[in-house]
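1. Model the following, please.
(2 chains)
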Amino acid sequence: MDAKDILGLPKNQLPIPQEKKSRPPKEPQRKPDGISREVYALTGGLAPLMPSVDVSQLKRRPPSDEKVTWQWLPFTNSARKDDLQLFHWVRVVNGVPPTGDYAFAKYNKSANIIKYTDEEYEKYLTDPAWTKEETDQLFDLCERFDLRFIVIADRFPSSRTVEELKDRYYSVSRALLSARAPPADITGHPLVKEPYNISQEVERKRALSMVLSQTKQQERKDTEVLAEAKRITESRMAAKGPEESELPAVANIGPDNSQRAITGDAVTPSTAMPSSAIAASSTLMADNASTLASLRMLRVYLRTYALDQMVQAASASAGLRTIKRVEQTLQELGVNLKPKVPTKAVCAEHLELRKEILTLLNLQKQLQYKEAEGTSFQDSPYSETPGTPKRAPRGDQDRPFMPDPLGFGGDRFGKRDQKRKAPGRTSEAAQSPSQSKRPRKMKASDI
Amino acid sequence: MSARKQGDGQPEDGGATAGKRLKIAKFSEDPEKKGLSRRLKDAEISLPIVYGTIAFYLGRKASESQSHKWTVYVRGATNEDLSAVIKRVVFQLHPSFNNPTRVMEAPPFELSECGWGEFEIAISLFFHPDVCDKQLDLYHHLKLYPEDESGPQSTKKPVVVESYDEIVFPDPSEAFYARVQNNPAVIVPRMPAGFNISAPVAPENTSERERGDTKDHPLSQWFMNFSEADELLKLAAARQQVQAHIVKLRRQLSVMDGMPQLSKPAPAYE
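-> So this is what the prediction gives:
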């Protein structure tokens, strides 16, 4: 009320808000009679709102002067074309059966199909691709099936696509409309305002089906390409200036522009592959973008230098130990730490390999931790030193999987396993320190 | 051997290049300068080179101070002429040499000397103005003595140490691209269809061209072969193995997640 004074609004403007205000204080205190509190609460009752349900109706009983019986009576349905008579239960009040049509007859609606005469056909509706007979058939089916074109296409005697049928139907209807009525009247009609565009529809459906049928791999690639595009734009924002344009290949493939892009995707799969390969390679590390940007700042650089920078960026998160282990793994795999022939492709592969080895080592560490948690028996005397073989379960499994290049490592695994498993736990305690020394000794001489 | 990129701290160069850069940045009607100012974004031109040394033991003709004859050089990886890109190469030798700064203005970019000691040679590459205004420095350790010290050195078989590398020019100028788009020594990016820059008509100096490449170089029999195919194969094989291993580990991890209560390593592993 004071607020209204301040605002200068007239008081007592609406009676209803007044009622509302007086009601809520009452409402929570008393519940309406006639129904239990819980039931009333279901209707959203006890909260101080205007009740939307007429509470008094809820427990009303029929007036006792009415006599109600239920009778099994025949009925007809005006929506049916035959005179079928069926039976059903009817609520009869005081001996008077209800009047009126079958209650559900009003729902029998059908679509308004325009009918044309032969003259009209000759005058306005002829089309080189359609015979009169076909058009008649089409319209007949449309009437029967209420413009459900999927069904109509299925039933159509000659094979026409859904889009063709739709196009013919809508263009005929439009022509008839504009012929029969003066142009001014029908400009608001949806058929005239937004005519059916068959080529657009065909294209749209094709694009949709392509998106729907994308394999998981393609989805992945698309997201990677998108991510790469985003990264490129971001790095270029950072590196150069506000106005940058995306790589032309990437712009074609962005699935956001679904139609255009997906047709582009289909038409140029070859360009999609290299860019998605590039995308896949640099998706992992965010540092890559900044390294690339800084490399671009140099007017000239050596590819080995670039590779070094990227390797550093990739291993930025890893400690010195991990880096050493990566290098050791590379050696075991027979790969040069610095490629002898550093072409663009070789450098990319090398970088990818390093990243994958990092992933591998991380996974091994995870597995190690999981096992350590799982086993209550702590094998701390032989706890891992970097570069030594992993615990027994994986050791066993390592051998079959990487026999040749990790032959050196495999042997180590094998020997350690035998020593660990055969004699029993207690004797291992004595043996394993020397055991763990041996692998390191072998390592030293190897280098 | 390591190759280091020149940092930003070369004052004379900085001054000179700053002047050049200003010229490039200013918009002028001169078509040549326009070509310099327009650059191909997101493209790179790379020049594969091989640089190194070949050293022969002089045998009977050797003296205390001159036991070996060696040559240091920079050549195209496919032995093509590099002079379209490289204007000049400067070899910085050990101070004990006369005039230790040797400048090669024309291809083949090489230098032969006699000596007895091994040292690090600094090789500086200078490019044409439309290519790059910064120099690029490489370092190479001159090796005279072979790995295995068994027996006397042969005068017939030299000690060859070569390094392959690629010089990358990011965002090259259009003029540069136009000039080298058909050059066999240079790796040029594939441009989208319809992208045409006409190559400037340069007077063909065939006699000089023939000398520029190293295909018939007297030392070419000792040149090493660098094949990226081998390396790629090995890398691909290695990646496959690592990936397979990763898959196994991931599977193990997911199995582990399903069985948290293991008091001992499962007997199945044994």
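2. so residue A:300 touches residue B:127, yeah?
-> Yes: look at residue A:300 against residue B:127 with CB atoms under 8 Å: they come within range, at 7.0 Å. C-beta: built from backbone N, CA, C; applies to glycine.
3. where do the contact lists of the two overlap?
-> B:134, B:136 (CB atoms under 8 Å, 6 or more residues apart in numbering or on different chains).
4. which bits of the stretch 201-350 of chain A sit near chain B?
-> When proximity is defined by CB under 8 Å from any CB of the partner chain, the stretch 201-350 of chain A lies next to chain B at A:232, A:247-248, A:295-296, A:298-306, A:329-330, A:333-336, A:339-346, A:349-350.
5. Mind checking which of those residues are buried?
-> Buried members of these, counted by 16 or more other CB atoms under 10 Å in any protein chain shown: A:232, A:247, A:295-296, A:298-306, A:329-330, A:333, A:335, A:339, A:341-344, A:346, A:349-350.
6. Could you pick out which of the residues you listed are located in helices?
-> Within these, residues falling in helices by DSSP state H are A:232, A:295-296, A:303-306, A:329-330, A:344, A:346, A:349-350.
7. In JSON lines: those residues, plus distance to residue A:107.
-> Formatted as JSON lines, those follow (distance: CB to CB, whole Å):
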{"residue": "A:232", "distance to residue A:107": "57"}
{"residue": "A:295", "distance to residue A:107": "71"}
{"residue": "A:296", "distance to residue A:107": "69"}
{"residue": "A:303", "distance to residue A:107": "75"}
{"residue": "A:304", "distance to residue A:107": "79"}
{"residue": "A:305", "distance to residue A:107": "78"}
{"residue": "A:306", "distance to residue A:107": "73"}
{"residue": "A:329", "distance to residue A:107": "73"}
{"residue": "A:330", "distance to residue A:107": "75"}
{"residue": "A:344", "distance to residue A:107": "70"}
{"residue": "A:346", "distance to residue A:107": "73"}
{"residue": "A:349", "distance to residue A:107": "68"}
{"residue": "A:350", "distance to residue A:107": "71"}
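8. Please identify which of those is nearest to residue B:111.
-> Here the nearest of those to residue B:111, counting by CB to CB, is residue A:304; it sits at 22.7 Å.
9. Could you tell me how far the closest one is located from residue B:167?
-> Residue A:304 sits 10 Å away from residue B:167, going by CB to CB, to the nearest Å.
10. same deal with residue B:235?
-> Distance, residue B:235 to residue B:167, using CB to CB: 22 Å.
11. Pull the number of nearby residues for residue B:254.
-> Residues near residue B:254, counting by other CB atoms under 10 Å in any protein chain shown, number 9.
12. Likewise for residue A:146?
-> Neighbours around residue A:146, by other CB under 10 Å: 12.
13. Equivalent analysis for the one 5 residues further on, please.
-> Residues within reach of residue A:151, counting by other CB under 10 Å, total 13.
14. Could you tell me the phi and psi values at whichever residue of the stretch 1-150 of chain A sits closest to chain B?
-> Distance from chain B to each residue of the stretch 1-150 of chain A (CB to the nearest CB) is smallest for residue A:129, at 36.2 Å. Main-chain dihedrals, residue A:129, degrees, to the nearest 10: phi -80, psi -10.
15. swap in the one 3 residues further on?
-> Backbone dihedrals for residue A:132, given as degrees, to the nearest 10, come out at phi -60, psi -40.
16. re the thing from before, and the ones in helices among the buried ones among the residues of the stretch 201-350 of chain A next to chain B as JSON lines, adding pLDDT?
-> Below are these laid out as JSON lines (pLDDT from 0 to 100):
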{"residue": "A:232", "pLDDT": "88"}
{"residue": "A:295", "pLDDT": "83"}
{"residue": "A:296", "pLDDT": "82"}
{"residue": "A:303", "pLDDT": "91"}
{"residue": "A:304", "pLDDT": "91"}
{"residue": "A:305", "pLDDT": "91"}
{"residue": "A:306", "pLDDT": "90"}
{"residue": "A:329", "pLDDT": "90"}
{"residue": "A:330", "pLDDT": "90"}
{"residue": "A:344", "pLDDT": "89"}
{"residue": "A:346", "pLDDT": "91"}
{"residue": "A:349", "pLDDT": "90"}
{"residue": "A:350", "pLDDT": "92"}
